[in-house]
Every structure is written in structure tokens, then in C-alpha cells.
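J.: this one's sequence-less:
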């Protein structure tokens, strides 16, 4: 789910053109931990490889997982919300700066999509949890 974005961010860092992007960010670290690959090894692998070569490197070097494990990881990844008061305040500040009308956005993945102007479906929030419904 996150691999393509992580590749692009790592390439931007290597080229000195990352701007506001961070590699490895906490989202990258989640994927790298699941894959059993260090951020340093991944960064080295990105250098000089095409997307196809890098996907093959990742397949060969990552911890093997079944498709159901990968699907479950992707679903969990998409559902990650801020987990501390400081992170919730930062998240709200960022979301409101992008589009204060989108109070339905509660996950980091949706916030990134909103920030990068990809369509984010309107989420129906539950009054009891304030989360995705």
C-alpha cells in the first residue's frame, strides 16, 4: 500500500529534493518493520535501481508474508489515527489548514491524500467514537 510513496520519498531525499517530505517517517517505519528491512538498506537499494528492479529487491529481501497478512497490514495501515493528544492536536491543525470542512478525516493516510490533493471519500463519523464508520 505504501511502498510506491516510500520509494519516491527516498529518491527525493537522495536527490536533495525532498522539500517537506521526510524519509523515513513513522509511516515508512511501519512498512519497513513489517518487511523486516532497515531504512538504511532500503535507501541503499533505491540508488541506481528502476522501479521494477527495486520491487524485485524488496520481494527478495523483505520478510515473506501471505497475501492475507499483507491485506490485513494494508487495512490496519489505512486506519492508523493519531494516538496521543499532541499528535491529535498536530493532526487537527494540519487538517484544518488544508480543508477545515473535512472533519471526517481522522486517519494519517486520508490526511496525506487530502494534502496531496487526491480524492478522499467523505467518511461518516460515529458520534460515540469520532472515528470512521
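T.: Now that the structure is in, tell me what you want to look at. Nothing here was measured: the structure is a model prediction, and the numbers come from that model.
J.: and this structure, what are its domains?
T.: Using automatic domain parsing, the domain parsing of the chain gives 3-78, 81-133.
J.: Could you tell me the end-to-end distance of the longest one?
T.: End-to-end span of domain 3-78 (C-alpha to C-alpha, to the nearest Å): 13 Å.
J.: circling back to that earlier point, among the domains of the chain, which gets the worst mean confidence?
T.: Among the domains of the chain, domain 81-133 carries the lowest mean pLDDT, at a mean of 85.
J.: and it, how far from the chain's centre?
T.: 14 Å (C-alpha atoms, centre = their mean, to the nearest Å).
J.: Please list the outside residues in contact with stretch 83-103.
T.: Outside stretch 83-103, the residues within contact range by C-beta atoms under 8 Å, 6 or more residues apart in numbering are 81, 82, 105, 108, 111, 114, 115, 120, 125. Any C-beta I mention is one placed from the backbone N, CA and C, and that applies to glycine too.
J.: one step back: turn the domains of the chain into JSON lines, columns for mean neighbour count.
T.: JSON lines is the format used below for the domains of the chain (neighbours: other C-beta atoms under 10 Å):
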{"stretch": "domain 3-78", "mean neighbour count": "14"}
{"stretch": "domain 81-133", "mean neighbour count": "13"}
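J.: For residue 21, state which of the contacts of stretch 83-103 is nearest.
T.: residue 115 (10.8 Å; C-beta to C-beta).
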